[in-house]
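Chemist: Okay, sequence plus prediction incoming.
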Amino acid sequence: MSLQVILNDHVPNLGQVGDIVEVANGYARNYLIPRNLAIVASARNVKQFEHTKRVVAAKRAKALQNADAQAKVLNNLALTIARQVGEEDKLFGSVTNRDIADALIKEGHSVDRRNITLEKPIKSLGVYPVEVKLMGGVKAEVQVFVVAE
């Protein structure tokens, strides 16, 4: 005897989240359902799952749209960070992703410092392109001007 279930999580060799699959009755009742990996695919559950999927897709689309708008603004943004310098225009210390995040917050853009990509801290004066990762794989590039105080 078999039973149709809707997967709540990825199950290896069975399917992905949201798939409706047919499995053995015992496998569903003894393994999938108690571990909250699946729910029985009744008409009500299928309808509710489809509604939830539409709501999540709409929220995600709106978030991506906001991320695209923020990326356009950030691509045209130039930050100036002033630091003390020593001989040969070397900085005392360095400019890190935290410093760039703080400068972005002062400009009115809320970006988590972990989403700012620097290969290594900036240790000299100059202009540096810095990549900022936004939601859903959207990326922006901010120009950072490191100047002497």
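Modeler: The structure has been received and is ready for your questions. This is a predicted model, so every value here is computed, not measured.

Chemist: Who are the packing partners of the helix or strand that contains R44?
Modeler: Assessed by DSSP states H and E, R44 sits inside helix 43-75. Counting contacts by 3 or more C-beta pairs under 8 Å, 6 or more residues apart in numbering; DSSP states H and E, helix 43-75 is packed against strand 2-7, strand 139-148. No exception for glycine: its C-beta is placed from N, CA and C like everyone else's.

Chemist: what's the pLDDT at the nearest residue to V46 once chain neighbours are set aside?
Modeler: Residue nearest to V46 in three dimensions, not counting chain neighbours: I6, with 6.6 Å by C-beta to C-beta, 6 or more residues apart in numbering. We note a pLDDT of 93 for I6 in this prediction.

Chemist: residues in contact with the closest residue to V138 other than its chain neighbours?
Modeler: Distances taken as C-beta to C-beta, 6+ apart place A67 nearest to V138, at 4.2 Å, with adjacent residues excluded. Neighbouring residues of A67 by C-beta atoms under 8 Å, 6 or more residues apart in numbering: L134, M135, G136, V138.
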